[in-house]
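Enquirer: just coords:
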């Protein structure tokens, strides 16, 4: 990339920059934020007009944010805050929609003057970016590298997963059969199902949400910038949620400061949900309240209060936005659960593919037994029968198969080739579906194909930065694959956004990393906090912690519980589990040393690694 001199641009270059600016302003990253659009348009326009020296905090505050002549940017941080948000939105745009842009507009930290970065080309139009590894790999089946194999011995029997809340059971033989079927995954390339235009069944529209401007209860109109900024950031972040339609800013900001009848407003705007709230700032103390209302009934679906210290305004706002979006719109969020309950109330002749996917998601989230696994699979196959191009149904059926493979929950394992085809099909039908990318990433991960796994993992996180389940799941796999620092950071972020969505994934990631770092006290604390403590993998993973801490009595109790689930458990049970998760040989040695210290394997078979 090359940066042309800012004061030496030709008319042709300026015209190209204006066109690039128009594309940025029309993007999803900017469509819900008028203030950020105005900010960017102003600084670019002034720079191209040769007035870049005017781009100071005071001028921008007056021209863009309508501050009075008495405005002091050292006291009122609006320009600094909005500049930080603008940089974030630009980065988001160039990582997604604008990845192949020939001209990039950048706002360097500490400056309000934009820089224009162009691709170096010798007399030819800009070339498209090289094909990304994930797009290339998704053109072919989910298939592990030919020199890798899936562990097939010593693994635990069917039991609850990291996502499950209540105990379930199945037969060990079902899991072993499923592992044998995994060999077909490595050996076969599935044929993708053929679809034709016009076969998709009609289904109800996705839920619509209206975000009303948050009220400024501070008693100071100058604080409107915070409540308005909070509203715009919520609009922007919610607009990225694939299964949710968000009404535009212009539609909802007309109600700023007005009392509204929520049920009537929902009818007028054709919105099923209304998000409203308030912000009160007193000195450095901030209180934000938010509530999600079902506009069809007027009932509160979710509500929360956030009390924070305003040491860093931008960081506090980002944290609150992350939490609100994750709690209402992510996996295990209030809207998804409300929609599932709505679908469950429909009569058989009203049920469509959309409702069946919602029902399957609810079953898979809260009560994972082999019986419910079968029920979820049945619902998803019905959804596909009704709509051959329903990407969500393919996605969820593929995820069902992958988790059934890994955790042994599926009493009747499907051919691995079918699971693979569905994972690919889901991404092909909707490349911008973050959960679809997560499922593809998991397929690559457990097939030992780690380069495309990392590529798909990055795409999933970029598409859904507020979805706690996606972030925690990806974090767990990244950590297991060796990127401990990033994996733990993602798991902790997910846990802060929505602890329900991260149960198990978060705990396993953090306590395993703590163990490997030698912090056994922290490892035990997090392991004991895991609500999935009564499942096979938790026994496998807590025994080495007990061993390192000399807690042989507790280790024997955990071993006894594991033997009830896996009567022939041995050293191979531990090794096979960790190898399935791509644990390195060095880390595996450290974990197995803890197992042997626990005394559950007799005699101790190795020395300290």
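Expert: All right, it came through fine. Please read these numbers as outputs of a predicted model, since none were measured by experiment.

Enquirer: how close does residue 543 get to residue 499?
Expert: As judged by Cβ to Cβ, to the nearest Å, residue 543 and residue 499 stand 25 Å apart. Any C-beta I mention is one placed from the backbone N, CA and C, and that applies to glycine too.

Enquirer: of these two, which one has the most company?
Expert: Neighbour count, other Cβ atoms under 10 Å: between residue 543 and residue 499, residue 543 has more, with 26 against 15.

Enquirer: what residues sit buried inside stretch 437-454?
Expert: For stretch 437-454, burial by neighbour count (16 or more other Cβ atoms under 10 Å) applies to 437-450, 452-454.

Enquirer: and if you look at stretch 271-291?
Expert: Within stretch 271-291, the residues scored as buried using 16+ other Cβ under 10 Å are 271-281, 286, 288-291.

Enquirer: narrow these to those in helices?
Expert: When DSSP state H is applied, the buried residues of stretch 271-291 are split such that none fall in helices.

Enquirer: which SS state does residue 306 fall under?
Expert: At residue 306 the chain is in strand, as set by DSSP: H, G, I helix; E, B strand; the rest coil.

Enquirer: contact partners for it?
Expert: Residue 306 makes contacts with 286, 287, 288, 289, 290, 320, 323, as judged by Cβ atoms under 8 Å, 6 or more residues apart in numbering.

Enquirer: and which of those residues is nearest residue 246?
Expert: residue 290 (15.1 Å; Cβ to Cβ).

Enquirer: isn't the closest one up against residue 304?
Expert: Yes: in this structure residue 290 lies within contact range of residue 304 using Cβ atoms under 8 Å: 5.7 Å.

Enquirer: who touches both of those two?
Expert: residue 324.

Enquirer: okay, who's weakest in the buried residues of stretch 271-291 by pLDDT?
Expert: Within those, pLDDT reaches its minimum at residue 281, with 85.

Enquirer: the residue lying closest to that residue once chain neighbours are set aside in helix, strand or coil?
Expert: Distances taken as Cβ to Cβ, 6 or more residues apart in numbering put residue 218 closest to residue 281, at 4.6 Å, once the chain neighbours are dropped. The local conformation at residue 218, judged by three-state DSSP, is coil.

Enquirer: any idea how many residues pack against residue 218?
Expert: Residue 218: 18 surrounding residues under other Cβ under 10 Å.

Enquirer: residues touching it, list them.
Expert: By Cβ under 8 Å, 6+ apart, the neighbours of residue 218 are 279, 280, 281, 282.

Enquirer: what's the separation between it and residue 35?
Expert: Residue 218 is 19 Å from residue 35, where distance means Cβ to Cβ.

Enquirer: got it, and residue 93?
Expert: Using Cβ to Cβ, we find residue 93 at a distance of 16 Å from residue 35.

Enquirer: so which of these two has more stuff around it?
Expert: residue 93 (21 against 18).

Enquirer: name the nearest residue to the more buried one, sequence neighbours excluded.
Expert: Nearest residue to residue 93, sequence neighbours excluded (Cβ to Cβ, 6+ apart): residue 29, at 4.3 Å.

Enquirer: equivalent analysis for residue 305, please.
Expert: Here the residue nearest residue 305, using Cβ to Cβ, 6+ apart, is residue 289, at 5.0 Å.

Enquirer: was I right to think the one you found contacts residue 303?
Expert: Yes: using Cβ under 8 Å, residue 289 is in contact with residue 303, at 7.4 Å.

Enquirer: where exactly do the strands run in the stretch 1-150 of the chain?
Expert: Using DSSP state E, counting those that start in this stretch, the strands assigned to the stretch 1-150 of the chain run over residues 103-107, 114-118.

Enquirer: how about the chain?
Expert: With DSSP state E as the criterion, the chain has strands at 103-107, 114-118, 208-211, 215-216, 245-246, 273-282, 285-294, 299-309.

Enquirer: which residues are contacting the fourth one?
Expert: Strand 215-216 is touched from outside by 223, 224, 226, 227, 257, 277, 278, 279, with contacts defined as Cβ under 8 Å, 6+ apart.

Enquirer: repeat that with 10 Å
Expert: Contact partners of strand 215-216, identified using Cβ atoms under 10 Å, 6 or more residues apart in numbering, comprise 222-228, 230-231, 256-257, 276-281, 289.

Enquirer: count of neighbours near residue 549?
Expert: Residues within reach of residue 549, counting by other Cβ under 10 Å, total 17.

Enquirer: just read off the phi/psi values of it.
Expert: phi -90, psi 0 (degrees, to the nearest 10).

Enquirer: the closest residue to it other than its chain neighbours and residue 505, how far apart?
Expert: Leaving aside its chain neighbours, residue 549 sits nearest to residue 520 (5.2 Å; criterion: Cβ to Cβ, 6+ apart). To residue 505, residue 520 is 21 Å away according to Cβ to Cβ.
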